[in-house]
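Participant: need the 3D shape of this:
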Amino acid sequence: MPGGDRWLHEIKWDGYRLHVRVESGRVRLLTRRGLDWTARFPPVADAAARLPFQTAYIDGEAIVENRVGIADFGALQQALAAGAARNALLFAFDLLYLDGRDMRREPLIERKRLLAGLLAGQPHGFPIHYSEHLLSDGQAMYRQARAMGLEGIVSKRRDCPYRSGRSEDWLKVKSAHRQEFVIAGYAPHANSSHAVGSLILGEYRDGKLTHVGRAGTGYTAATARQLWAKLHPLEIDKAPFAGGRPSGYVVRNLAKWVQPKLVAEVEFRAWTTDRQLRHAAFKGLREDKAAEEVVAEEPRSRDRLVPPESGARTLEAPSVRKPGARKSVGRVPAENIQRVLPGAVAPSQEALTAYWRRIAKHALPYLARRPLTLVRHINGVTFFHEGPLPPAPASVHQLRMRKSGGEEGTRLWVDNLDGLLGLVEIGVVEIHPWGATVDDIDRPDTLVFDLDPGEGVEWSFVVETVLNLRELLRSEGHEPWPKLTGGKGLHVMVPITAQMDWPTAKAYTRRLAEKVAATAPHRYTTAAALAKRPGRVFIDYLRNGRGTTAVGAYSPRARAGFPIAAPVTWEHVEKGRAPDAFTLDRPMPRSKAR
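Facilitator: Residues are numbered from 1 along each chain as shown. As a prediction, this is how the structure comes out:
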């Protein structure tokens with residue numbers, strides 16, 4: 001990853017690259033192939049027409065955010081499949097032309113300065129955003145991108161002119177193996193002849209289409225049917241590969257070959273020595289790229305995968321588990337890994353046992369009888385647990401949950417000290433409880449606001465924000481209590497008695513978060529995108545969804561010094577206590593925080 005003050009670093013957005021062209025009030029949104037997609041992104045086009053210029057060319061990436069505010073290529077695909085992405089956003093990162101001035105020869109940093117000015121002062125909810133950047137410290141941005149499961153970052157020379165096509169001035173640093181491949185065939189779904197079960201993929205090498213394997217996961221039922229509807233009319237009798245039909249059980253017996261016209265974006269774990277994909281998952285169709293452009297990508301400095309940091313060095317790709325993956329990490333089955341925490345450190349089981357024995361009576365009112373999301377430390381790997389549960393002592397209970405559409409899975413819960421010690425036995429370090437109890441998992445009894453300061457934000461401003469939020473919540477009839485996170489932020493916890501379901505809770509907390517953010521839009525954001533964080537406090541209401549969690553009161557953190565997520569009094573907050581003020585070994589307040 002390049003360093004020094006010659007480079008700036010941006011998030012690599014997971015969407016479609018678009019050129020926004022505004023000429024005398026007429027707006028066009030063009031793809032890299034010159035396709036006019038204006039009608040497919042109506043909010044972006046409408047917003048561009050309201051910007052303060054007569055003529056401009058803007059380079060950016062159109063995305064759709066998922067439920068936690070992260071760019072999601074699959075969600076973008078689904079929106080476009082419905083006709084138009086009416087919830088799309090555009091992150092603008094370059095300015096090529098402005099009101100008679102050709103900007104392409106200007107340094108990038110100057111183009112971005114003018115672009116930021118054009119987009120400044122827009123109202124909340126405006127669908128075109130300036131793509132923020134960091135200067136010099138690309139490693140910090142990469143670590144943030146990786147931690148949030150983003151695709152990676154792009155490092156750009158700050159003084160470079162604009163050049164179309166590939167250039168050494170732009171270096172992509174990926175946190176995952178992600179690439180486009182030509183769809184050469186498919187295997188029907190085992191339970192439906194009108195749905196895709198897996199895709200057979202290829203890439204062009206020396207002008208010849210060559211087999212690279214298949215993607216057998218990553219499909220929802222709707223996606224599998226939509227893919228079949230697109231591929232079935234393209235069926236042909238013979239494999240389109242230069243070497244003829246590949247070997248392999250699925251390909252030999254079940255393959256339906258198609259004209260190589262469609263391009264799939266695929267995330268995969270690694271390449272085999274004979275250049276076949278390992279653990280490939282379908283992410284979406286790339287309608288903006290022609291099949292002939294999909295050529296073999298050799299490893300190069302401008303488009304490389306950064307190896308994981310210390311603590312996760314055996315993990316080959318991203319920290320977010322890929323569907324269907326079965327490769328172990330440090331002898332931990334990948335189906336148990338939701339997200340690895342690179343660089344995490346964990347206390348010994350002896351230290352955890354002693355801590356819970358000392359603190360259990362204070363912690364259980366916050367942790368008992370709630371479904372739990374768990375951070376475990378096993379064989380040197382620290383990770384959010386997912387999937388099959390390990391054998392656990394009888395004091396650790398299981399809750400099998402269902403929701404409309406089928407089974408959701410099993411969560412563990414505890415109700416006494418023995419349960420907490422049982423969690424320690426299976427390697428649990430952090431405990432993240434639901435905002436609902438096992439007695440009624442569909443109705444929360446506690447809401448949470450996570451105040452997360454971005455780079456450059458003083459702790460005193462976080463405290464000021466928390467106190468303002470407290471007054472707003474009290475005006476709503478609540479009596480909130482504060483919790484230091486043991487990280488860099490602060491939680492405001494809100495016990496509720498009103499009967500509301502999860503969607504209602506999320507909508508309610510969003511309204512309150514946006515009300516606070518509207519008081520100083522330049523200092524606050526309610527969007528999870530990392531580019532919006534520097535200099536702002538992220539008011540995170542997104543943890544108020546079903547199954548989304550925040551670290552529990554009195555839970556240790558898998559971080560250096562072993563800080564505690566400590567429930568404190570408002571007096572502690574007013575005194576400016578740091579979020580990691582209490583640790584396993586440092587005394588903490590025992591009085592009730594709420």
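Participant: the helices in the stretch 351-500 of the chain, which residues?
Facilitator: 417-425, 459-475 (DSSP state H, counting those that start in this stretch).
Participant: between those, which gets nearest to Asp59?
Facilitator: Proximity to Asp59, assessed across these by CB to CB, is greatest for helix 459-475 (33.3 Å). (C-beta placed from N, C-alpha, C; glycine too.)
Participant: on that earlier part again, most packed of the helices of the stretch 351-500 of the chain?
Facilitator: helix 417-425 (a mean of 20; mean count of other CB atoms under 10 Å).
Participant: and that helix, C-alpha only, in CSV?
Facilitator: Extracted in CSV, the C-alpha atoms of helix 417-425 (Å, rounded to 0.1, in the frame of the first residue of the first chain):
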residue,chain,number,x,y,z
LEU,A,417,-22.9,-17.2,37.1
ASP,A,418,-22.6,-20.8,36.1
GLY,A,419,-23.8,-19.8,32.6
LEU,A,420,-21.2,-17.0,32.4
LEU,A,421,-18.5,-19.5,33.4
GLY,A,422,-19.8,-21.9,30.8
LEU,A,423,-19.4,-19.3,28.1
VAL,A,424,-15.8,-18.9,29.2
GLU,A,425,-15.3,-22.7,28.8
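Participant: which elements pack onto it?
Facilitator: helix 349-367 (3 or more CB pairs under 8 Å, 6 or more residues apart in numbering; DSSP states H and E).
Participant: and Asp501, how many neighbours does it have?
Facilitator: 11 (other CB atoms under 10 Å).
Participant: contacts only, for it.
Facilitator: Asp442, Arg443 (CB atoms under 8 Å, 6 or more residues apart in numbering).
Participant: could I get the buried residue list for the helix or strand containing Val212?
Facilitator: According to DSSP states H and E, Val212 maps onto strand 208-215. The neighbour-count check on strand 208-215 (16 or more other CB atoms under 10 Å) flags Leu209, Thr210, His211, Val212, Gly213, Arg214, Ala215 as buried.
Participant: stretch 562-570 now?
Facilitator: Neighbour-count burial for stretch 562-570, counted by 16+ other CB under 10 Å, picks out Phe562, Pro563, Ile564, Ala565, Ala566, Pro567, Val568, Thr569.
Participant: out of those, the closest to Leu18 would be?
Facilitator: Ala565 (41.5 Å).
Participant: any idea how far the closest one is from Thr353?
Facilitator: 19 Å (CB to CB, to the nearest Å).
Participant: can you check Glu335 too?
Facilitator: In terms of CB to CB, Glu335 sits 28 Å off from Thr353.
Participant: hey, C-alpha coordinates of stretch 477-490 in PDB?
Facilitator: Extracted C-alpha coordinates of stretch 477-490, given in PDB (Å, rounded to 0.1, in the frame of the first residue of the first chain):
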ATOM      1  CA  GLY A 477     -40.600  10.200  28.300                       C
ATOM      2  CA  HIS A 478     -37.500   7.900  28.600                       C
ATOM      3  CA  GLU A 479     -34.900   7.600  31.300                       C
ATOM      4  CA  PRO A 480     -31.700   6.600  29.400                       C
ATOM      5  CA  TRP A 481     -28.500   5.500  31.000                       C
ATOM      6  CA  PRO A 482     -24.900   5.700  29.600                       C
ATOM      7  CA  LYS A 483     -22.400   2.900  29.000                       C
ATOM      8  CA  LEU A 484     -18.700   3.300  28.100                       C
ATOM      9  CA  THR A 485     -18.000   0.900  25.300                       C
ATOM     10  CA  GLY A 486     -14.400  -0.100  26.000                       C
ATOM     11  CA  GLY A 487     -13.700   1.000  22.500                       C
ATOM     12  CA  LYS A 488     -13.700   4.600  21.300                       C
ATOM     13  CA  GLY A 489     -17.400   5.500  21.700                       C
ATOM     14  CA  LEU A 490     -20.300   5.700  24.100                       C
END
